[in-house]
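Asks: Provided below are the primary sequence and the corresponding predicted coordinates.
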Amino acid sequence: MTDVRQAVLIPGRGYTVREPLFAYVAELLRRRRLHAHGIEWEVPQDLAEAERGPWVQRQAAAAIDERTALLVGKSLGTLAAPVATERRLPAVWLTPLLRYPGLAEAFERSEAPFLLVGGTADPSWDAATARRLTPHVLEIPHGDHGLLVPGPMARSADALGQVCTAIEQFLEDRAISRI
């Protein structure tokens, strides 16, 4: 399996790679002939805020190998952005912690393209910062930190569809068409 490219899926604190966003992303990647390698972790309860970034970066770096073509992280997993930047890997960041100290700067240094996806009802989302950092932005109106929206569940399912479409379009962009 050494010739198969892979995408590393980096979970959030309470959002595993088996949750809906990642399940659909994994299928989307499979259809593009990428193996989705999900990180499974137990975030230490006593992990100090200052240690969160380095801890996530160690977990992500350990999962990346020469086959890795893409990173996909959610929430706490977006703290792996410095690893993507260092290794020049394209990335999809779902509900990024844009207000986390130093994270926007890591995105600014990235030479590889990345997609930011967030919801207007998510306190971690900063639309102005997202649009300043990348032309690849999807904002879900009224979406919370899980990208769920109020009202009938069909609206949340529609938001999930929008996320999948945005990722597909991002992966088809000429700058990263090798994925």
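Replies: Cool, the structure landed.

Asks: what's the burial count for Ala121?
Replies: Ala121 has 16 neighbouring residues, counting by other C-beta atoms under 10 Å. The way it works is simple: take the backbone N, C-alpha and C, and place the C-beta from them, glycine included.

Asks: so it is in which element?
Replies: Here Ala121, judged by DSSP states H and E, is contained in no helix and no strand.

Asks: separation between it and Pro54?
Replies: In this structure, Ala121 and Pro54 are 30 Å apart, going by C-beta to C-beta, to the nearest Å.

Asks: what do you get for Arg32?
Replies: Distance, Arg32 to Pro54, using C-beta to C-beta: 31 Å.

Asks: So between these two, which is more surrounded?
Replies: Set Arg32 next to Pro54 and count neighbours by other C-beta under 10 Å: Arg32 wins out with 16 against 12.

Asks: per-residue confidence for that one?
Replies: Looking at Arg32, its pLDDT reads 91.

Asks: where does this protein have low pLDDT?
Replies: Within the chain, the stretches falling below the threshold (pLDDT under 70) are 1-3, 174-179.

Asks: now the helices for it?
Replies: In the chain, the segments counted as helices under DSSP state H are 20-31, 49-63, 81-87, 103-109, 127-133, 153-172.

Asks: Show me what the first one is packed up against.
Replies: Helix 20-31 makes packing contacts with strand 6-10, strand 35-38, strand 68-74, helix 153-172 when contacts are defined by 3 or more C-beta pairs under 8 Å, 6 or more residues apart in numbering; DSSP states H and E.

Asks: Now tabulate these in CSV and tack on mean neighbour count and distance to Gln45.
Replies: Putting those into CSV (neighbours: other C-beta atoms under 10 Å; distance: least, C-beta to C-beta, whole Å) gives the following:
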stretch, mean neighbour count, distance to Gln45
strand 6-10, 27, 19
strand 35-38, 18, 22
strand 68-74, 25, 19
helix 153-172, 16, 29
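
Asks: want to try TSV for those, with distance to His145 as columns?
Replies: Listed next are the helices and strands packed on helix 20-31 as TSV, based on distance: least, C-beta to C-beta, whole Å:
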stretch	distance to His145
strand 6-10	16
strand 35-38	19
strand 68-74	9
helix 153-172	13
